[in-house]
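Asker: next one to model:
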Amino acid sequence: MDKSKLRKKSPLKKRPRRNAGDSTHNMILEATDQLLPYWIMTIMLVLYASLEFQDIPRLPLLWLAIATLFFILTTWKTLKAWPRIKAMKQGRDGERRIGQYLDNEFRDDLTGTPIRIFHDVPGENFNLDHVIICEKGIYVLETKTLSVPIKGLEKLFYKGGDHLYYKNNGARVPGNPIGQVKAGVKWLRELLHRQYELEEKQFPKLPIRGVLVPADRFVHNDNIGEYDIWVLNQKAFAKFINNEKDRLSPETVRSCGDLIAGYTRRKLDEESKKLI
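Answerer: Next up, the predicted model:
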């Protein structure tokens, strides 16, 4: 019997696109995997130390001391890593929340117009949370899932520039989320330019706008239309984009969408080959 006839392969002709929060989820798995060997070793040492007490005693106190020290080390590493893992989980859930909103309510609001939505577009050591391509333009969305007080209302305030502030006390939001959005817009523009050159097509002038989306948070803006970067929650973004005039033809929407889809599949293929 020909063994080649018994071999099978996946029926999928194309790899599925990435889901919202995939990169952050992988980072969480990596962080927890780094702790796993410590916990396994700790459990093995504790079991071995207990066996030393049950049979003919040899060095039970020594092994108990080693197990105790290893337990302390493992606990310390876990407590040290836990705030970062917790923050990544919150960020991942925020990306998924926004991704689900874009794929459902947002898409329904733009019925009748061609639209392409991508999640977790991979770059070089970073990713774009969401990319939307429609006749209104191209939008790069960066999701931020900022913690809120257990009691009371904490608003955000954006007045242009490179920083986002808490409206209640005027403190600056940690990190550089506005800078991330600007870098994402620049990278996507360069990516599309390269992809157009590979396809031997003329690169059109593409309206690409960056959007910072604090998930489920109210953002107070002054003169938002004058800023290069929009800062607003997902529902406000849907209202703003509906008020924009059409800037891209349906053909350009499809062309840009196909270029990003092709790029994403190639990146996934490259990542899969590295794992082999």
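
Asker: would you mind identifying the next helix or strand past the helix ranked longest in the chain?
Answerer: Longest helix of the chain, by residue count under DSSP state H: helix 60-101. Following helix 60-101 in sequence order, the next helix or strand is helix 107-109 (DSSP states H and E).

Asker: what's the very next helix or strand once past that following helix in contact with?
Answerer: Using DSSP H and E, the helix or strand that follows helix 107-109 towards the C-terminus is strand 115-122. With CB atoms under 8 Å, 6 or more residues apart in numbering as the test, strand 115-122 has contacts from 17-23, 95, 99, 102-103, 107, 127-134, 188, 253-254, 256-257, 260-261, 263-264, 267-268, 271. Placement of C-beta: from N, CA and C, glycine included.

Asker: alpha carbons of strand 115-122, as CSV, please.
Answerer: Output in CSV follows, covering the C-alpha atoms of strand 115-122 (Å, rounded to 0.1, in the frame of the first residue of the first chain):
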residue,chain,number,x,y,z
ILE,A,115,-14.7,47.6,5.2
ARG,A,116,-11.7,45.5,6.3
ILE,A,117,-10.8,45.0,10.0
PHE,A,118,-7.6,43.5,11.1
HIS,A,119,-6.5,42.6,14.6
ASP,A,120,-3.0,42.1,16.1
VAL,A,121,-1.1,43.1,12.9
PRO,A,122,2.5,41.9,13.7
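
Asker: for the protein, what spans make up the helices?
Answerer: For the chain, the helices defined by DSSP H occupy 22-54, 60-101, 107-109, 177-198, 234-242, 250-275.

Asker: please spell out which residues along the third one are buried.
Answerer: The reference is to helix 107-109. For helix 107-109, the neighbour count (16 or more other CB atoms under 10 Å) marks no residue as buried.

Asker: any weak-confidence spans in the stretch 51-200 of the chain?
Answerer: The stretch 51-200 of the chain contains residues with pLDDT under 70 at 52-58, 111-112, 151-153, 198-200.
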